[in-house]
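[1] quick one: sequence and predicted model below, then my questions.
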Amino acid sequence: MPSCSSGGIGFFWCGGGLVSGVVIAPCYGRNAWRRRGSIRYHSMMTTILSEGVWTEVDGGNDTFQAIDPSTGERIEPAYPVCSWSDLERMAIASAAAVRHPANREPERIARFLEGYATRLDACREAIATMAHRETGLALEPRLRVVEFDRMLGQLRQAADAARDVGPDSWRLPIIDEATGIHSDRGPLGGAVLTIGPNNFPLAFHGVSGGDFASAIAAGNPVIAKGHPLHPGTGAMLAACAAEAVADAGLHPATVQFFHHCPPEDGLRLIGHPAIAAVGFTGSRAAGLALKAAADAAGKPSFLEMSSVNPVFALPGAVVGDAAGIGEAWAGSILMGAGQFCTKPGILIAIGGDAKPLLDAAVSTCGSAAPGVLFSAEASRALESGITAMIEAGADVHCGGNPADPGNRFEPTLLSVDGHRFLERFEVLSAERFGPVGLFVSASSIDEAIAIAERLEGQLTIAMYTGDGDDEVWDRLATVLRSRCGRLLENKMPTGVAVVPSMVHGGPYPATGHPGFTAVGMPTSIGRFSMARCWDGVAAGRLPDWLR
């Protein structure tokens with residue numbers, strides 16, 4: 001097990017040595033999974049993890065640096081942009097991992113996932129501290145406790161699921177003795193390319209998040225892309241993964257990792273014969289580009305993209321607890337500086353006097369400090385989006401401006417009436433990534449239903465109800481239920497419980513397919529599996545769970 005310490009940003013000891021500004025981690029040779037004693041040490045900050053080895057890229061001198069979003073200062077060192085030859089080498093290596101006998105053993109896969117979680121936990125302080133500096137997200141409790149525990153929990157749940165061969169497992173075994181036909185689900189036969197977002201550097205990271213854990217639990221090797229906004233965090237996570245792969249005796253190409261690549265090379269990688277699927281969380285534009293590449297290659301892609309997560313405050317709720325709803329809405333907008341995929345970006349209040357709701361939200365947001373956005377580009381995009389909303393007829397009640405130092409932005413609330421919202425729907429209903437919310441006053445239930453009918457697919461939709469709202473709920477739910485993955489009552493959607501019954505998905509453009517969830521094992525594992533039938537195959541040739 002690695003031991004870790006953090007002496008400020010850039011100090012990381014994980015089974016190797018402690019160096020200021022440089023991460024040193026064990027580097028396993030191509031046969032290290034057979035000869036555990038053969039360990040070398042390399043700086044992984046300027047290298048990529050390929051076949052268990054931290055190696056220099058073939059891509060020349062192209063590099064990038066992380067930037068501290070709270071100050072705007074560059075963070076050393078520079079990280080490599082890999083070339084097509086680097087990606088192709090990883091793809092070819094992953095094919096050997098698919099065929100390796102150890103990678104078909106559920107117990108060995110489970111041991112890797114558990115060992116990985118243990119190593120990450122031992123390095124909690126150093127990893128969380130690096131993530132804090134690279135993202136500006138709160139160290140305590142957000143990164144060090146909440147998100148870190150979620151990451152570890154997902155990996156351990158995936159380990160349990162990998163071991164489970166029962167009838168309710170992700171394998172879905174069916175034994176038909178009368179016909180001699182058996183079926184189950186198994187790995188895809190290729191690597192899964194996992195690409196994480198900017199807003200969850202741990203629990204959704206390409207090398208440690210839910211897509212990663214699900215793909216590994218299903219028996220697939222993973223090629224993980226880091227995120228250019230938090231490369232040091234990704235390198236630390238990947239170092240722990242490399243150690244865990246070696247200790248579990250899996251093929252060294254089971255987990256491979258690169259920091260960044262030219263977009264055209266990333267799209268080309270999807271078409272490589274060794275790649276079986278893509279898991280992605282990020283923007284709609286990037287997701288659609290990945291989907292087009294996957295569709296052209298006949299590969300499945302599982303994408304989480306864009307959602308405004310509207311909240312409907314029904315008449316009884318507005319009368320009964322307007323101020324409470326307004327405070328809850330504002331609090332949800334402020335979480336993570338509004339950079340959650342489940343941020344409720346729009347609240348529609350139906351009928352009656354909803355001014356106390358808006359006033360409470362404005363009071364809460366107006367008294368909050370500017371939030372740190374992940375990048376200068378995000379700040380510019382948010383400012384441009386707010387300007388477009390104002391030009392479309394929205395009124396500003398607080399905020400609306402970038403702030404110093406770094407990439408800060410004032411919490412912002414705008415409002416518009418339902419008629420104007422429907423007139424300028426495309427602009428006013430667009431996702432705005434940051435601490436901004438739009439209050440919409442619907443004059444009637446019919447107007448609220450007209451708004452509901454215009455909504456695109458969402459991750460979540462919430463309805464706040466009170467006395468006398470049953471009929472309104474029924475009318476709205478008839479429209480809304482098929483427009484979201486998760487329907488909530490009397491609660492904001494920002495938190496996502498990591499439990500089997502959770503659905504973190506929804507119709508386009510929230511995701512690329514309404515039939516899957518990115519959170520909630522074992523269901524989420526099914527994305528990275530294939531249906532298999534065994535017809536007349538002798539019992540001794542079947543997987544253990546089909547005998």
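    Perfect, thanks for sending it. Everything numeric in this text was worked out from a predicted model, so none of it was measured.
[2] where do the helices sit along the stretch 1-150 of the chain?
    Along the stretch 1-150 of the chain, the stretches classed as helices by DSSP state H, counting those that start in this stretch are 84-99, 106-122, 124-135, 148-163.
[3] how about the ones you listed, which one is nearest Met492?
    Evaluated over those, closeness to Met492 peaks at helix 148-163, with 17.9 Å, by Cβ to Cβ. (Each C-beta comes from the backbone N, C-alpha and C, glycine too.)
[4] can you name every helix or strand that the closest one contacts?
    helix 106-122, helix 124-135, helix 210-217 (3 or more Cβ pairs under 8 Å, 6 or more residues apart in numbering; DSSP states H and E).
[5] roughly how far is the helix or strand just after it from the heart of the chain?
    Next along the chain after helix 148-163, taking DSSP states H and E as the criterion, comes strand 174-176. How far strand 174-176 lies from its chain's middle: 35 Å, per Cα atoms, centre = their mean, to the nearest Å.
[6] what do you get for stretch 167-179?
    Computed by Cα atoms, centre = their mean, the separation of stretch 167-179 from the middle of its chain amounts to 31 Å.
[7] show me what contacts the residue nearest to the spatial centre of the chain?
    In the chain, the centroid-proximal residue (Cα atoms, centre = their mean) is Phe204; its distance is 3.6 Å. Listed by Cβ atoms under 8 Å, 6 or more residues apart in numbering, the contact partners of Phe204 are 196-197, 210-211, 281.
[8] swap the cut-off to 10 Å and go again
    With contact taken as Cβ atoms under 10 Å, 6 or more residues apart in numbering, Phe204 is in contact with 147, 150-151, 154, 194-198, 210-212, 227, 279, 281-282, 304, 341, 518-519.
[9] the closest residue to it other than its chain neighbours: neighbour count?
    Spatial nearest neighbour of Phe204, excluding adjacent residues (Cβ to Cβ, 6 or more residues apart in numbering): Gly196 at 4.9 Å. Residues within reach of Gly196, counting by other Cβ atoms under 10 Å, total 29.
[10] for His513, give me its contacts.
    His513 makes contact with 291, 300-303, 505-507, 527 under the criterion Cβ under 10 Å, 6+ apart.
[11] that one in helix, strand or coil?
    Assigned state for His513: coil (three-state reduction, DSSP: H, G, I helix; E, B strand; the rest coil).
[12] let me know the pLDDT of it.
    With respect to pLDDT, His513 scores 94.
[13] and it, how far from Ile109?
    The spacing between His513 and Ile109, counted by Cβ to Cβ, to the nearest Å, is 25 Å.
[14] equivalent analysis for Leu250, please.
    In terms of Cβ to Cβ, Leu250 sits 7 Å off from Ile109.
[15] now for these two: what residues contact both?
    Shared contacts of Leu250 and Ile109, counting by Cβ under 10 Å, 6+ apart, come down to 102-103, 216.
[16] now the residues you listed as a markdown table including pLDDT?
    Formatted as a markdown table, the shared contacts of Leu250 and Ile109 follow (pLDDT from 0 to 100):
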| residue | pLDDT |
| --- | --- |
| Ala102 | 91 |
| Asn103 | 92 |
| Ile216 | 99 |
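[17] and stretch 185-194, what's buried?
    Buried residues in stretch 185-194, counted by 16 or more other Cβ atoms under 10 Å: 185, 187-188, 190-194.
[18] out of those, what pair is the most spread apart?
    By the measure Cβ to Cβ, Arg185 and Leu193 form the most distant pair in these, at 20.1 Å.
[19] so what's Ala337 closest to, chain neighbours aside?
    Using Cβ to Cβ, 6+ apart and skipping residues adjacent in sequence, the residue nearest Ala337 is Gly371, 2.8 Å away.
[20] please apply the same query to Ala66.
    Ala66 sits nearest to Ile75 (Cβ to Cβ, 6+ apart), 4.4 Å away.
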